[in-house]
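Peer 1: got a predicted model here, sequence first, then my questions.
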Amino acid sequence: MCQCGVVCSQEATSTGCFRSLHVPAHFLYCQLGLNPMTMMAIPEQEVMSAINSMGGTILKVVTDQNAGPGIESRTYFVFS
């Protein structure tokens, strides 16, 4: 654990655009004050229901690889 309280692991430094730059996790999280992104899995139907209940109209849903290889991901295009 870093002095700033963030757990700095090898996994934390092996993602994102900093991967090829070998920027230490301690520098990113403690000195720059960045926070790791948290991803949550929400069923597609639940996402669509939430959008509809708030008055949004789903224009398109695209299955993509934005979450990384082997992780199911979608981008929702919404009109409000």
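Peer 2: Arrived safely.
Peer 1: going forward, measure contacts and count neighbours with C-alpha atoms only.
Peer 2: Fine.
Peer 1: what score does K60 have for pLDDT?
Peer 2: Turning to K60, the model gives it a pLDDT of 96.
Peer 1: please, which helix or strand holds it?
Peer 2: Assigned by DSSP states H and E, K60 belongs to strand 57-64.
Peer 1: what's the next helix-or-strand element following that strand packed up against?
Peer 2: Using DSSP H and E, the helix or strand that directly follows strand 57-64 along the chain is strand 73-79. Packing contacts for strand 73-79, counted by 3 or more C-alpha pairs under 8 Å, 6 or more residues apart in numbering; DSSP states H and E, involve strand 57-64.
Peer 1: okay, now T63: neighbour count?
Peer 2: 10 (other C-alpha atoms under 10 Å).
Peer 1: ok, what's across the strand from it?
Peer 2: Beta-bridge partners for T63, by DSSP bridges, are R74.
Peer 1: and it, how far from T75?
Peer 2: Counting by C-alpha to C-alpha, to the nearest Å, the gap from T63 to T75 is 7 Å.
Peer 1: how about V62?
Peer 2: 5 Å.
Peer 1: H26: neighbour count?
Peer 2: 22.
Peer 1: how distant is the helix or strand containing it from the center of its chain?
Peer 2: According to DSSP H and E, H26 maps onto helix 25-26. Helix 25-26 sits 18 Å away from the centroid of its parent chain (C-alpha atoms, centre = their mean, to the nearest Å).
Peer 1: ok, stretch 50-59 next?
Peer 2: For stretch 50-59 - counting by C-alpha atoms, centre = their mean - the centre lies 21 Å from the chain centre.
Peer 1: buried sites along that stretch?
Peer 2: I51 (16 or more other C-alpha atoms under 10 Å).
Peer 1: who touches that stretch?
Peer 2: Contact with stretch 50-59 is made by M48, Y76, F77, V78, F79, S80, as judged by C-alpha atoms under 8 Å, 6 or more residues apart in numbering.
Peer 1: drop anything exposed from those.
Peer 2: Here, 16+ other C-alpha under 10 Å leaves M48 buried among the contacts of stretch 50-59.
Peer 1: lowest pLDDT pick from the contacts of stretch 50-59?
Peer 2: The lowest pLDDT within the contacts of stretch 50-59 belongs to S80, with 89.
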